[in-house]
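Asks: below: sequence and its predicted model.
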Amino acid sequence: MTEVRFASTELVHMDRNTYMWVDLMHFSVDPGATDHQILTALMDAHEYHTMYIFGDGEFAEDPPVHASWAVKDLDTTMFRPTDAASAQGIILAWANWTEDERHYTQSRETMSRLNSEVLAYLRPGDVYEFHPPEGEEAMYGCGWILGQGGFHEFVVIDRDSSSLHVIVASDD
């Protein structure tokens, strides 16, 4: 059975008062495993079972939850192949959002951190975009709190470094 081994996590905050952040989770993987095996192992990993609204180090236990959805309702087909440029474009559009003729641009310092601390992880490896179940009925518990400005998750499998990176850009 393939396993992923949790290595570390980082939280990159966006500009003050935007309530936006990017969570990075890093795992080591067997580079000989298939993408499907690695994604299955990721979904089984304790560290992947987080609602993101509890704070650092607190995980959803019963039932296991990832972000706004019960893990039992998720499967690997929800990870769809994409490319680094598309993923970067989605994250940059999310960071500098437009809503009802209002436009917000993150500060130069925040954009620099986003480029160096987040987008760099999208360059090597196979990139997958997570497409969760749609609609409020698919959400678990208080999942509606998360992602009012968008919930974007990407997984990068970097076989050259035997690593996997989960990148979640959202807000609360």
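Replies: That came in fine, so what should we check first?
Asks: show me what the lengthiest helix in the chain is packed up against.
Replies: The longest helix of the chain (DSSP state H) is helix 84-95. Other elements packing on helix 84-95 under the criterion 3 or more CB pairs under 8 Å, 6 or more residues apart in numbering; DSSP states H and E are strand 20-28, strand 126-130, strand 152-158, strand 163-171. Every residue, glycine included, has its C-beta placed from N, CA and C.
Asks: what does the third one contact?
Replies: If you take CB atoms under 8 Å, 6 or more residues apart in numbering as the criterion, strand 152-158 is touched by 29, 35, 38-39, 42, 67, 79, 82, 87, 90-91, 94, 121-122, 124-130, 132, 164-170.
Asks: give me the neighbour count for residue 8.
Replies: Residues lying near residue 8 (other CB atoms under 10 Å) number 9.
Asks: any idea how far it lies from residue 21?
Replies: Residue 8 is 16 Å from residue 21, where distance means CB to CB, to the nearest Å.
Asks: wait, what's in contact with residue 161?
Replies: Contacts of residue 161 (CB under 8 Å, 6+ apart): residue 124.
Asks: if I look at it, how far off is residue 37?
Replies: If you go by CB to CB, the gap between residue 161 and residue 37 works out to 18 Å.
Asks: swap in residue 114?
Replies: Distance from residue 114 to residue 37, by CB to CB: 31 Å.
Asks: again with residue 5
Replies: From residue 5 to residue 37 the distance is 14 Å (CB to CB).
Asks: same check, this time on residue 30
Replies: Going from residue 30 to residue 37 by CB to CB gives 8 Å.
Asks: who touches both of the two?
Replies: Common contacts of residue 30 and residue 37, defined by CB under 8 Å, 6+ apart, comprise residue 2.
Asks: mind checking which helix or strand of this structure has the lowest mean pLDDT?
Replies: Least confident helix or strand of the chain, by mean pLDDT, DSSP states H and E, is strand 65-66 with a mean of 67.
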